[in-house]
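Visitor: Just the structure for this:
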Amino acid sequence: MRNVPPHTIRLTYLIETDGSPERLAAKIAADQSTGTFVPVPGETEELKARVAARVVALRPLPPVKTPSYPSGHPGPFHRAEADIDFPFDAIGTDLAQLMTITLGGVWSIRGFTGIRVVAMHLPEEFRGAHPGPQFGIPGSRRLTGVQGRPIIGTIVKPALGLRPSETAALVKELIDAGVDFIKDDEKLASPAYSPLAERVKAIMPLILDHEQKTGKKVMYAFGISHADPDQMMRNHDMVLEAGGNCAVVNINSIGFGGMSFLRKRSGLVLHAHRNGWDLLTRHPGIGMDFAVYQQYWRLLGVDQFQINGIKVKYWEPDESFVASFKALKEPLFSEADCPLPVAGSGQWGGQAPETYERTGRTQDLLYLCGGGIVSHPSGPAAGVRAVSQAWEAAVAGIPLEAYAREHEELAQSLAFFGDGKAS
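Guide: Numbers count the residues shown, from 1 in each chain. Got it, this is the predicted structure:
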């Protein structure tokens, strides 16, 4: 975002209304800073000059016939993008205050048939105000020992129901096959049939033994999320003390405060799962873009960030994944604040070539396949090899079908996942 004055937080809102976009942009600026429904005696010009938000640009967009929110008006519904500047002195660097003022009350303003936050620029005052990633891309690569290619990861499946010994048996097969990263499913916490303490006790000796024999330490992300920050830290400490180096964190479930509490005390790579995010973004005329949302969590310190992928099993289109990837790779203030992008959701080797091309031929990626590895017709170990082979072909520019002629695991994967039988 260019030409933003210093000491200014700029939000760009997509406004939709059956009335005047200009009036509603001014209403956001007033209601979310100094104004209310009537003039008040203390709202002096001097006060407004210091802390009032102001509309600095309005870009009309083509109208739409169907409103984003239900409306009794027949339309058309006018749309515009509005840049609104909030003085830094009115907000400071507190992320809860940033959310409250710039986003929190906007959706309750009367007159919108749609409202979405599509961009946010934070001023230099935010540099160093929050810890940011502790490990990020370089730390994830160092701890997995993976350089010059994507980190290949998988998820324990079935997501729920496996006992610790059953999970450990699957983990052993995966690490023996050469996988780089394994994670608990985000839905798995510490149920009675698989307490976190028992999973750690069953899994970590396998990882440490493999490291002793081969020099490679597979990164395992244990689910530690908890509504009580103290319990979450006890979960964290249990993993760290057992020799683990990563944790899955359900960021929307624990909130800003939980994430801040964890990051300031953490010795683990924090793998962010954004479940619940779709509530905020699925409708294109309501909520916020990932480019805005991800800034909060990067500042708070996530090291790895799940963003779906190409041809996912969920609703999100490929273009949204590509935009999310680019947002994570764009430094907020320095390259050190970039987390590792994690491609997931229905991934197998078949998406590797397009993923490679559409992410700018970069290999700074954790390519995460759950069913795409563990459901391989020859077993999870073959699934690991098949995904690795797919990425070898993608980077070399060799069509998967051609590469599969001499790589049996990839050939089986193409036959099983590629013709719809796995659906």
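Visitor: how does this structure divide into domains?
Guide: With domains defined by automatic domain parsing, the chain comprises 8-126, 136-417.
Visitor: Worst mean pLDDT among those?
Guide: Lowest mean pLDDT of these: domain 8-126, a mean of 91.
Visitor: mind checking how far it is from the chain centre?
Guide: Computed by CA atoms, centre = their mean, to the nearest Å, the separation of domain 8-126 from the middle of its chain amounts to 25 Å.
Visitor: same deal with stretch 217-234?
Guide: Centroid displacement of stretch 217-234 relative to its chain, using CA atoms, centre = their mean, is 18 Å.
Visitor: Repeat that for stretch 314-323.
Guide: Taking CA atoms, centre = their mean, one finds stretch 314-323 lying 12 Å from the centre of the chain it belongs to.
Visitor: now, of the domains of the chain, which is deepest in the fold?
Guide: Highest mean neighbour count among the domains of the chain (mean count of other CB atoms under 10 Å): domain 136-417, with a mean of 19. For glycine as for every other residue, the C-beta is placed from the backbone atoms N, C-alpha and C.
Visitor: so how far does stretch 346-358 reach from one end to the other?
Guide: Criterion CA to CA, to the nearest Å; first-to-last residue distance in stretch 346-358 is 17 Å.
Visitor: just to revisit the earlier point, I'd like the domains of the chain laid out as a markdown table, including distance to Arg2.
Guide: Shown next, in a markdown table, are the domains of the chain (distance: least, CB to CB, whole Å):
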| stretch | distance to Arg2 |
| --- | --- |
| domain 8-126 | 9 |
| domain 136-417 | 14 |
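Visitor: Ala394 contacts Pro353, correct?
Guide: Yes: in terms of CB atoms under 8 Å, Ala394 counts as a neighbour of Pro353; the distance is 4.3 Å.
Visitor: Overlap in contacts, those two.
Guide: Both Ala394 and Pro353 are contacted by Leu400, under the criterion CB atoms under 8 Å, 6 or more residues apart in numbering.
Visitor: so is Ala57 in a helix, a strand, or just coil?
Guide: Classification of Ala57 using DSSP: H, G, I helix; E, B strand; the rest coil returns strand.
Visitor: Can you tell me, leaving aside adjacent residues, what's nearest to it?
Guide: Distances taken as CB to CB, 6 or more residues apart in numbering place Asp83 nearest to Ala57, at 4.1 Å, with adjacent residues excluded.
Visitor: The one you found against Val55, yeah?
Guide: Yes: at 7.2 Å, Asp83 counts as touching Val55 under the criterion of CB under 8 Å.
Visitor: and Glu22, what does it touch?
Guide: By CB under 8 Å, 6+ apart, Glu22 lies in contact with 55, 58, 80.
Visitor: which stretches of the stretch 1-150 of the chain form strands?
Guide: For the stretch 1-150 of the chain, the strands defined by DSSP state E, counting those that start in this stretch occupy 8-17, 54-64, 77-87, 112-121.
Visitor: what angle separates the first one from strand 112-121?
Guide: Looking back up the chat, that one is strand 8-17. Going by axes from the mean of the first three to the mean of the last three CA atoms, to 10 degrees, strand 8-17 is angled at 160 degrees with respect to strand 112-121.
Visitor: just checking, what packs against strand 8-17?
Guide: Using 3 or more CB pairs under 8 Å, 6 or more residues apart in numbering; DSSP states H and E, the elements in contact with strand 8-17 are helix 21-31, strand 54-64, strand 77-87, strand 112-121.
Visitor: could I get those as TSV with distance to Tyr367?
Guide: Conversion of those to TSV gives the following (distance: least, CB to CB, whole Å):
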stretch	distance to Tyr367
helix 21-31	40
strand 54-64	36
strand 77-87	34
strand 112-121	28
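Visitor: Out of these, which gets nearest to Pro341?
Guide: Closest to Pro341 of the helices and strands packed on strand 8-17, according to CB to CB: strand 112-121, at 19.1 Å.
Visitor: What strands flank that closest one, and is each parallel or antiparallel?
Guide: Strand 112-121 has its sheet partners listed here by DSSP bridges as strand 8-17 (antiparallel), strand 286-288 (parallel).
Visitor: Can you add distance to Gln306 and give the ones you listed back as TSV?
Guide: Shown next, in TSV, are the strands paired with strand 112-121 (distance: least, CB to CB, whole Å):
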stretch	distance to Gln306
strand 8-17	25
strand 286-288	17
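Visitor: Backbone dihedrals for the nearest residue to Ser225 once chain neighbours are set aside, both of them.
Guide: Closest residue in space to Ser225, ignoring its immediate chain neighbours: Asn250 at 4.3 Å, by CB to CB, 6+ apart. Dihedral pair for Asn250: phi -80, psi 90, per degrees, to the nearest 10.
Visitor: Ok, Val292 next?
Guide: Dihedral angles for Val292 - degrees, to the nearest 10 - are phi -80, psi -50.
Visitor: and the nearest residue to it once chain neighbours are set aside, what are its bridge partners?
Guide: What sits nearest to Val292 in space, not counting adjacent residues and going by CB to CB, 6+ apart, is Met120, at 4.5 Å. Met120 has these beta-bridge partners by DSSP bridges: Leu11.
Visitor: isn't Met120 right next to Thr8, touching?
Guide: No: checked against CB under 8 Å, the pair Met120 and Thr8 is beyond contact range at 11.5 Å.
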